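1. Curious how this folds, go ahead:
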Amino acid sequence: MKQKMMGTKILEGAQLMIDELGLPFTPQDWVQMSRDRMTEVFVTAKLMPGVDKLIRHLHQHNVPIAVATSSTKYSFDRKATHHQEFFHLFHHIVCAGDDPDVKRGKPSPDAFLVAASRFDGEPPIPSNCLVFEDATLGVQAAKSAGMHAVLVPDKRLDTTSIDDIVDQVIPSIEQFVPQEWGLPPYDGVLRT
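-> Below is the predicted model:
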(Lines give C-alpha, C1' and ligand atoms only; values in the text may rest on other atoms or scores of the structure.)
Protein backbone atom coordinates (compact mmCIF):
# COMPACT_ATOMS: atom_id res chain seq x y z
CA MET A 1 0.00 0.00 0.00
CA LYS A 2 2.77 2.43 0.92
CA GLN A 3 4.42 1.91 -2.45
CA LYS A 4 1.18 2.70 -4.29
CA MET A 5 0.62 5.87 -2.26
CA MET A 6 4.13 7.35 -2.14
CA GLY A 7 4.27 10.34 -4.47
CA THR A 8 0.54 10.76 -5.05
CA LYS A 9 -1.34 13.93 -4.21
CA ILE A 10 -2.96 13.69 -0.79
CA LEU A 11 -6.55 13.05 -1.90
CA GLU A 12 -5.39 10.51 -4.51
CA GLY A 13 -3.47 8.63 -1.82
CA ALA A 14 -6.44 8.76 0.54
CA GLN A 15 -8.69 7.32 -2.17
CA LEU A 16 -6.21 4.49 -2.79
CA MET A 17 -6.22 3.66 0.93
CA ILE A 18 -10.02 3.76 1.15
CA ASP A 19 -10.45 1.59 -1.93
CA GLU A 20 -7.81 -0.93 -0.89
CA LEU A 21 -9.16 -1.36 2.64
CA GLY A 22 -12.84 -0.85 1.84
CA LEU A 23 -13.16 1.99 4.35
CA PRO A 24 -16.43 3.88 4.78
CA PHE A 25 -14.86 7.35 4.47
CA THR A 26 -14.49 10.04 1.86
CA PRO A 27 -10.92 11.03 0.97
CA GLN A 28 -11.49 14.35 2.76
CA ASP A 29 -12.63 12.54 5.93
CA TRP A 30 -9.57 10.26 5.81
CA VAL A 31 -7.19 13.22 5.40
CA GLN A 32 -8.75 15.04 8.35
CA MET A 33 -8.67 11.95 10.60
CA SER A 34 -5.06 11.15 9.77
CA ARG A 35 -3.75 14.72 9.99
CA ASP A 36 -3.40 14.74 13.80
CA ARG A 37 -1.53 11.42 13.83
CA MET A 38 0.72 12.51 10.96
CA THR A 39 1.55 15.72 12.79
CA GLU A 40 2.80 13.74 15.80
CA VAL A 41 5.00 11.58 13.59
CA PHE A 42 6.18 14.27 11.17
CA VAL A 43 7.66 16.58 13.80
CA THR A 44 10.13 13.82 14.67
CA ALA A 45 11.31 13.41 11.05
CA LYS A 46 15.05 13.11 10.59
CA LEU A 47 17.14 13.72 7.50
CA MET A 48 18.31 10.61 5.67
CA PRO A 49 21.99 9.81 6.32
CA GLY A 50 24.24 11.75 3.97
CA VAL A 51 21.62 14.29 2.89
CA ASP A 52 22.91 17.16 5.04
CA LYS A 53 26.46 16.70 3.73
CA LEU A 54 25.35 16.52 0.09
CA ILE A 55 23.01 19.53 0.19
CA ARG A 56 25.55 21.71 2.01
CA HIS A 57 28.17 20.64 -0.55
CA LEU A 58 25.93 21.49 -3.52
CA HIS A 59 24.90 24.80 -1.94
CA GLN A 60 28.53 25.67 -1.20
CA HIS A 61 29.36 25.10 -4.89
CA ASN A 62 26.37 27.17 -6.10
CA VAL A 63 24.61 24.20 -7.67
CA PRO A 64 20.91 25.18 -8.02
CA ILE A 65 18.83 22.92 -5.77
CA ALA A 66 15.13 22.69 -5.01
CA VAL A 67 12.71 20.35 -3.28
CA ALA A 68 9.74 18.85 -5.13
CA THR A 69 7.73 16.86 -2.60
CA SER A 70 4.31 15.29 -2.91
CA SER A 71 3.52 16.52 0.59
CA THR A 72 1.13 19.35 1.28
CA LYS A 73 2.68 22.53 2.67
CA TYR A 74 1.15 21.71 6.05
CA SER A 75 2.75 18.25 6.14
CA PHE A 76 6.07 19.50 4.80
CA ASP A 77 6.23 22.26 7.43
CA ARG A 78 5.65 19.66 10.16
CA LYS A 79 8.43 17.42 8.74
CA ALA A 80 10.79 20.41 8.48
CA THR A 81 10.09 21.67 12.02
CA HIS A 82 13.59 20.87 13.30
CA HIS A 83 15.37 21.50 9.99
CA GLN A 84 14.50 25.12 9.16
CA GLU A 85 18.10 26.24 8.63
CA PHE A 86 18.78 23.25 6.40
CA PHE A 87 15.80 23.88 4.12
CA HIS A 88 16.86 27.51 3.65
CA LEU A 89 19.76 26.13 1.58
CA PHE A 90 17.31 25.31 -1.22
CA HIS A 91 16.34 27.89 -3.81
CA HIS A 92 12.67 26.93 -3.40
CA ILE A 93 10.34 24.17 -2.28
CA VAL A 94 7.38 22.84 -4.26
CA CYS A 95 4.75 21.11 -2.12
CA ALA A 96 2.86 19.33 -4.88
CA GLY A 97 0.13 18.12 -2.52
CA ASP A 98 -1.55 21.51 -2.63
CA ASP A 99 0.50 23.69 -4.99
CA PRO A 100 -1.99 25.11 -7.51
CA ASP A 101 0.55 24.88 -10.35
CA VAL A 102 0.94 21.12 -9.86
CA LYS A 103 -2.13 19.69 -11.52
CA ARG A 104 -1.33 15.97 -11.23
CA GLY A 105 0.60 13.93 -8.68
CA LYS A 106 3.42 11.54 -9.40
CA PRO A 107 4.00 9.60 -11.67
CA SER A 108 3.05 12.65 -13.76
CA PRO A 109 6.05 14.98 -14.18
CA ASP A 110 4.20 18.11 -13.01
CA ALA A 111 5.98 18.56 -9.64
CA PHE A 112 9.45 18.37 -11.19
CA LEU A 113 8.58 20.60 -14.15
CA VAL A 114 7.09 23.22 -11.80
CA ALA A 115 10.19 23.02 -9.58
CA ALA A 116 12.47 23.52 -12.60
CA SER A 117 10.42 26.47 -13.81
CA ARG A 118 10.82 28.36 -10.52
CA PHE A 119 14.57 28.86 -10.67
CA ASP A 120 15.65 32.41 -11.46
CA GLY A 121 16.28 33.16 -15.10
CA GLU A 122 16.00 30.53 -17.79
CA PRO A 123 14.68 27.19 -16.43
CA PRO A 124 17.23 24.39 -16.57
CA ILE A 125 17.11 21.90 -19.41
CA PRO A 126 15.41 18.80 -17.94
CA SER A 127 18.22 16.51 -19.11
CA ASN A 128 20.58 18.60 -16.94
CA CYS A 129 18.50 17.94 -13.81
CA LEU A 130 19.17 15.20 -11.29
CA VAL A 131 16.35 14.01 -9.04
CA PHE A 132 16.81 12.05 -5.82
CA GLU A 133 13.78 9.91 -5.05
CA ASP A 134 12.67 7.40 -2.45
CA ALA A 135 9.58 6.25 -4.34
CA THR A 136 9.04 4.42 -7.62
CA LEU A 137 6.29 6.86 -8.65
CA GLY A 138 8.79 9.69 -8.15
CA VAL A 139 11.33 8.00 -10.42
CA GLN A 140 8.64 7.57 -13.06
CA ALA A 141 7.76 11.27 -12.72
CA ALA A 142 11.39 12.38 -13.02
CA LYS A 143 11.94 10.26 -16.11
CA SER A 144 8.66 11.53 -17.64
CA ALA A 145 10.01 15.05 -17.09
CA GLY A 146 13.16 14.12 -19.03
CA MET A 147 15.35 14.24 -15.91
CA HIS A 148 17.87 11.82 -14.45
CA ALA A 149 16.80 9.88 -11.36
CA VAL A 150 18.73 8.38 -8.46
CA LEU A 151 16.62 6.11 -6.27
CA VAL A 152 17.36 5.80 -2.57
CA PRO A 153 14.61 3.31 -1.76
CA ASP A 154 12.99 2.31 1.46
CA LYS A 155 14.29 -1.24 1.99
CA ARG A 156 10.71 -2.48 2.35
CA LEU A 157 9.67 -1.40 -1.15
CA ASP A 158 9.84 -3.46 -4.30
CA THR A 159 11.59 -1.34 -6.92
CA THR A 160 11.88 -3.90 -9.72
CA SER A 161 9.13 -2.15 -11.72
CA ILE A 162 11.52 0.73 -12.50
CA ASP A 163 14.78 -1.17 -13.02
CA ASP A 164 14.71 -0.36 -16.73
CA ILE A 165 14.28 3.42 -16.29
CA VAL A 166 16.09 4.47 -13.12
CA ASP A 167 19.59 5.84 -13.69
CA GLN A 168 21.09 4.72 -10.39
CA VAL A 169 19.97 2.94 -7.23
CA ILE A 170 21.94 3.48 -4.03
CA PRO A 171 21.14 2.21 -0.54
CA SER A 172 21.98 5.59 1.03
CA ILE A 173 22.85 9.12 -0.05
CA GLU A 174 26.14 8.42 1.72
CA GLN A 175 27.07 6.27 -1.30
CA PHE A 176 26.38 9.09 -3.81
CA VAL A 177 29.50 10.21 -5.71
CA PRO A 178 28.87 13.74 -7.05
CA GLN A 179 31.57 13.70 -9.74
CA GLU A 180 29.95 10.67 -11.39
CA TRP A 181 27.16 13.11 -12.31
CA GLY A 182 29.36 16.01 -13.38
CA LEU A 183 29.04 17.71 -10.00
CA PRO A 184 31.95 19.05 -7.93
CA PRO A 185 33.61 16.28 -5.89
CA TYR A 186 33.51 16.39 -2.11
CA ASP A 187 36.56 18.31 -0.97
CA GLY A 188 36.63 16.99 2.57
CA VAL A 189 35.91 20.36 4.19
CA LEU A 190 32.44 21.84 4.28
CA ARG A 191 32.21 25.53 5.02
CA THR A 192 29.13 26.54 6.97
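2. For the protein, which segments count as strands?
-> For the chain, applying DSSP state E gives strands covering 66-69, 92-95, 130-133, 148-151, 168-169.
3. Turn these into a markdown table, columns for distance to residue 179 and mean pLDDT.
-> To be clear about C-beta, it is placed using only N, CA and C from the backbone, and glycine gets the same treatment. What follows is the strands of the chain, written out as a markdown table (distance: least, CB to CB, whole Å; pLDDT from 0 to 100):
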| stretch | distance to residue 179 | mean pLDDT |
| --- | --- | --- |
| strand 66-69 | 21 | 97 |
| strand 92-95 | 26 | 98 |
| strand 130-133 | 13 | 98 |
| strand 148-151 | 14 | 98 |
| strand 168-169 | 13 | 96 |
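4. Would you mind measuring from the residue nearest the centre of the chain to residue 177?
-> In the chain, the centroid-proximal residue (CA atoms, centre = their mean) is residue 69; its distance is 4.2 Å. Computed as CB to CB, to the nearest Å, the residue 69 to residue 177 distance reads 24 Å.
5. tell me which strands and helices the lengthiest helix in the chain is in contact with?
-> Longest helix in the chain, counting residues (DSSP state H): helix 27-42. When contacts are defined as 3 or more CB pairs under 8 Å, 6 or more residues apart in numbering; DSSP states H and E, helix 27-42 packs onto helix 10-21, helix 73-79.
6. Any idea how many residues pack against residue 74?
-> Residue neighbour count, defined by other CB atoms under 10 Å, stands at 16 for residue 74.
7. which residues touch it?
-> Residue 74 sits next to 35, 98 when contact means CB atoms under 8 Å, 6 or more residues apart in numbering.
8. now it: how far from residue 139?
-> 25 Å.
9. And residue 122, by the same measure?
-> 26 Å.
10. related to what we said a few turns ago, ok, now which ones touch the residue nearest to the centre of the chain?
-> Per CB under 8 Å, 6+ apart, neighbours of residue 69: 76, 93-97, 111.
11. just the residues you listed now: which is nearest residue 60?
-> residue 93 (19.3 Å; CB to CB).
12. can I assume the closest one is in contact with residue 65?
-> No. Between residue 93 and residue 65 there is no contact, the gap being 10.3 Å when judged by CB atoms under 8 Å.
13. hmm, back to that, possible to save the strands of the chain as TSV with distance to residue 28?
-> Output for the strands of the chain, formatted as TSV (distance: least, CB to CB, whole Å):
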stretch	distance to residue 28
strand 66-69	21
strand 92-95	18
strand 130-133	28
strand 148-151	32
strand 168-169	36
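14. List the contacts of the nearest residue to residue 9 once chain neighbours are set aside.
-> Nearest in space to residue 9, with sequence neighbours left out and distances taken as CB to CB, 6 or more residues apart in numbering, is residue 105 at 3.6 Å. If you count contacts by CB under 8 Å, 6+ apart, residue 105 has them with 7-9, 12-13, 70, 96-97, 111, 137.
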